[in-house]
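K.L.:
Give me a model of this one.
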Amino acid sequence: MKKSLVDYVVRRIIQFIILVIISTSIIFILPRLSTDTGPVEQAIGRVMSQGQYIDPQAVEQLRENLEIAYGLKGNIFQQYFTFWGNFLKGDLGPSFAYFPTPVTELIFHSLPWTIGLLGITTILSWILGNWLGGIVGNNRNKKWARTVEVIINGFRPIPHYILALVLLILFSHVFPIFPSGGAYPPGIIPNFSWSFILEVIKHAFLPALSLFILGIGGWFQGMRTLVSHIVQEDYVTYAKLTAIKKNEIFRGYILRNAMLPQVTGLALQIGMLFSGTLIVEIVFNYPGIGFLAYQAILRSDYNLIMGVTIFSILAVALGTLIIDLIYPLLDPRISYEK
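P.N.:
Now for the predicted structure:
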């Protein structure tokens, strides 16, 4: 058992490493296939557009320094190995828009806001969606259950940005209850005081609400479908003929077996949930990874775009890896030997 557990973990980690290498390499290559003017020439063009005379030697020196700073010195193979050398040291180069601030510093400043927003809304929507789906699936023939299903499924087709905009207009402009953007009021230095924490919660409420509402629908429908099939299984029918209480049958026989596929679904949906969070951050100007990526695109900050994309892939792949590793502990039918 111990050897099979080690083999299982090693295989999953190797798959994770291969995924990171391939995806990162693709991200590295794609911008270099573009025919657009690169960041170095754009920077020099901005300097030259100021109308001041610049010595040609100074321009060449500036070009060489910028190529080194942005990892564009040499041919594509030299750039590739330089990139991996810097990447393994945690260096993704300076940001073009926020020069000379390192890309990693900007990402680590934004990442906690995204993790907090995504983590809390995912956990709450997963728990409530599965709970409601299980109850409705177990009482699928009752009128109140069908009403709940119609209401929840009515929100499922709505895109993230549409619901976010509706909430923003409704509760920040028509009824100015919550702030329209940001993570806390401007001019305040982040701290751990209760007043600051309350401001953070107030600013995060609408972004979290939009993610929470849309997150419930998928988990609800999945759990309802699973429970509707499980209640017809022979072992559930047999349990109902015995003296076992209905609540115990629901918790121990139905809900427990239906939860396992939902854990797998959580691993498969991490990427989709992450993308939804990025869109909501842009709508609410929430200072997470999504808003940072949006600013990087507007300013053609190649280093920052690449850094945000790489960190996003790492976060999604790591979350999937963790769920993949703990899943056999939740389901004894899954063997580490497979």
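K.L.:
contacts and neighbour counts: CA atoms only from here.
P.N.:
Will do.
K.L.:
The closest residue to Leu206 other than its chain neighbours: helix or strand, and which one exactly?
P.N.:
Leaving aside its chain neighbours, Leu206 sits nearest to Leu167 (6.7 Å; criterion: Cα to Cα, 6 or more residues apart in numbering). If you go by DSSP states H and E, Leu167 is part of helix 160-169.
K.L.:
Contacts made by that helix with the rest, please.
P.N.:
With Cα atoms under 8 Å, 6 or more residues apart in numbering as the test, helix 160-169 has contacts from 180, 206-207, 210-211, 214, 276, 279-280, 283-284.
K.L.:
Please report which of these has the highest neighbour count.
P.N.:
Pro207 (29 neighbours; other Cα atoms under 10 Å).
K.L.:
can I assume that one is in contact with Phe284?
P.N.:
Yes. If you go by Cα atoms under 8 Å, Pro207 and Phe284 touch, sitting 6.8 Å apart.
K.L.:
on that earlier part again, identify each buried residue in the helix holding Leu167, please.
P.N.:
160-161, 163-165, 167-168 (16 or more other Cα atoms under 10 Å).
K.L.:
Figure out how far it is from the centre of its chain.
P.N.:
When C-alpha coordinates are averaged (Cα atoms, centre = their mean, to the nearest Å), helix 160-169 and its chain have centres 19 Å apart.
K.L.:
Turn the buried residues of helix 160-169 into CSV, including pLDDT and distance to Leu92.
P.N.:
Shown next, in CSV, are those (pLDDT from 0 to 100; distance: Cα to Cα, whole Å):
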residue, pLDDT, distance to Leu92
His160, 82, 30
Tyr161, 82, 30
Leu163, 87, 35
Ala164, 87, 32
Leu165, 88, 34
Leu167, 89, 36
Leu168, 89, 35
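K.L.:
can those residues go into TSV with extra columns for distance to Gly290?
P.N.:
Listed next are the buried residues of helix 160-169 as TSV, based on distance: Cα to Cα, whole Å:
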residue	distance to Gly290
His160	13
Tyr161	13
Leu163	17
Ala164	14
Leu165	16
Leu167	19
Leu168	17
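K.L.:
of these, closest to Ser195?
P.N.:
Ranked by distance to Ser195 (Cα to Cα), these are led by Leu168 at 23.0 Å.
K.L.:
before we move on, back to that, among the contacts of helix 160-169, which pair sits farthest apart?
P.N.:
Ser180 and Leu214 (19.7 Å).
K.L.:
quick one on the thing from earlier: closest to Glu64 out of the contacts of helix 160-169?
P.N.:
The closest of the contacts of helix 160-169, once distances to Glu64 are taken by Cα to Cα, is Ile279, at 36.8 Å.
K.L.:
residues in contact with that closest one?
P.N.:
160-161, 290.
K.L.:
try Leu92
P.N.:
83, 86, 102-104, 303, 307.
K.L.:
repeat for Lys246
P.N.:
With Cα under 8 Å, 6+ apart, Lys246 has these contacts: Lys240.
K.L.:
How about Val9?
P.N.:
So Val9 contacts Leu325 (Cα under 8 Å, 6+ apart).
K.L.:
For stretch 90-105, which residues meet the burial criterion?
P.N.:
For stretch 90-105, burial by neighbour count (16+ other Cα under 10 Å) applies to 91-97, 102-104.
K.L.:
Make sure Asn191 is indeed in a strand.
P.N.:
No. Counting by DSSP: H, G, I helix; E, B strand; the rest coil, Asn191 falls outside a strand, being coil.
K.L.:
Pro287 versus that one, what's the distance?
P.N.:
Look at Asn191 and Pro287: by Cα to Cα, to the nearest Å, they are 16 Å apart.
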